[in-house]
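In: no sequence on hand, only this structure:
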DNA sequence: CGCAGAAATTTGAACTCTCAACTATCATCG
DNA sequence: CGATGATAGTTGAGAGTTCAAATTTCTGCG
């Protein structure tokens, strides 16, 4: 039973500010996308990643990896997106286990329509308040955090 | 109709890394708290903020402000916490509109039991991978983001 | 005083996410 | 070939969040 390494006052402050900034950021992003595109950010990312894939198509597993989602969450989400007519699913020809999800033209149109507003929101909340140096620093910081997680149980 | 200011390649990279780091962080925090304390992070914060309040008690409005939550979300959350016996609600004596929420002894005990593991998780994911300078930089960055949001419609 | 509007909070329905269980298919090895 | 385990994905139930609508109580003003 090791003694807990509590956070220093500085760390505490940074952590709380981080929570606050994050909350503000997500609240704004989700609200903007819900209002302008009728979908949460998680769904937007799915469409965006599909749009960049070769032939605008990925297997569910590949898609889960790029959007960092559990298979379950992705399955539910894609079901909804398919209902909306923005994504289509079909079976893989040679491997009966895998499902291919592809972006429909409607889905692409919705994505294209939503993108400018979304980018504007990200920019105004995240990038505009930061100096160019801070943007660089932030890049290094988040990379370090991600790198620190490599080799940990994924659990997603 | 202004032309969209798209993200530069660098900004794009930072943004995607940010999303990834965030996803990893929240997935870990929520999973750890759910496993060890049987509650999501949002509920943990509610207990934590109450524990720091004078007399371990706040009005719903005050509580909503410090945990950055919509009144609705908070109301639902406190209802659950009350069901669990960790929070108690009572009417304000002089202002019949406001409700006071207070942390029970059980709630405090649960919080105290969960805190070490939670802090350890935050530390290992967020602070351990960063140099002390990066922690300082991150503090400045999130503060700038928060400051940039002041005066915007809260919408929470 | 009495009424219009503001403030504090709650409620219910719809939606999303999580977790565990389940189905189906493929790979491998004796 | 046939069992065993690994892969890929889905499903259903339960929990949490959002949004809009309602409820109750206070405040200020004519």
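Out: Alright, I've got the coordinates. Note that the structure is predicted; figures quoted are calculated from it, not measured.
In: can you give me the helices in chain A?
Out: Remark: helices assigned in chain A by DSSP state H are A:9-37, A:41-52, A:60-67, A:71-83, A:105-122, A:132-149.
In: format these as JSON lines; extra columns: mean neighbour count, distance to DNA strand C and mean pLDDT.
Out: To be clear about C-beta, it is placed using only N, CA and C from the backbone, and glycine gets the same treatment. Formatted as JSON lines, those follow (neighbours: other Cβ atoms under 10 Å in any protein chain shown; distance: least, Cβ to the nearest atom of the strand, whole Å; pLDDT from 0 to 100):
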{"stretch": "helix A:9-37", "mean neighbour count": "17", "distance to DNA strand C": "8", "mean pLDDT": "94"}
{"stretch": "helix A:41-52", "mean neighbour count": "19", "distance to DNA strand C": "3", "mean pLDDT": "98"}
{"stretch": "helix A:60-67", "mean neighbour count": "18", "distance to DNA strand C": "10", "mean pLDDT": "97"}
{"stretch": "helix A:71-83", "mean neighbour count": "16", "distance to DNA strand C": "3", "mean pLDDT": "98"}
{"stretch": "helix A:105-122", "mean neighbour count": "16", "distance to DNA strand C": "13", "mean pLDDT": "96"}
{"stretch": "helix A:132-149", "mean neighbour count": "18", "distance to DNA strand C": "16", "mean pLDDT": "95"}
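In: any idea how far residue A:76 is from residue A:83?
Out: To residue A:76, residue A:83 is 11 Å away according to Cβ to Cβ, to the nearest Å.
In: nope, residue A:43 is what I was after
Out: 11 Å.
In: any idea which residue of chain A lies closest to DNA strand D?
Out: residue A:61 (2.9 Å; Cβ to the nearest atom of the strand).
In: residues in contact with that residue?
Out: Going by Cβ atoms under 8 Å, 6 or more residues apart in numbering or on different chains, residue A:61 touches A:71, A:98.
In: does stretch A:78-90 reach DNA strand D?
Out: Yes - contact between stretch A:78-90 and DNA strand D, assessed by Cβ under 7 Å from any atom of the strand, occurs at A:78, A:79, A:89.
In: neighbours of residue A:4, just the number please.
Out: Neighbour count for residue A:4, taken as other Cβ atoms under 10 Å in any protein chain shown: 13.
In: apart from its chain neighbours, what residue comes closest to it?
Out: residue B:116 (4.0 Å; Cβ to Cβ, 6 or more residues apart in numbering or on different chains).
In: go ahead and confirm that neighbour touches residue A:1.
Out: No - assessed by Cβ atoms under 8 Å, residue B:116 is found out of contact with residue A:1, at 9.6 Å.
In: common neighbours of those two, please.
Out: By Cβ under 8 Å, 6+ apart, no residue touches both residue B:116 and residue A:1.
In: count of residues packed around the residue of chain A found nearest DNA strand C?
Out: As assessed by Cβ to the nearest atom of the strand, DNA strand C sits closest to residue A:96 within chain A, at 2.7 Å. By other Cβ under 10 Å, the residues close to residue A:96 number 8.
In: and for the one 5 residues further on?
Out: Here the neighbour count serves as a burial measure; for residue A:101 (other Cβ under 10 Å) it reads 25.
In: now for it: which residues touch it?
Out: For residue A:101, the contacting residues are A:50, A:57, A:58, A:59, A:60, A:63, A:78, A:87, A:88, A:89, by Cβ under 8 Å, 6+ apart.
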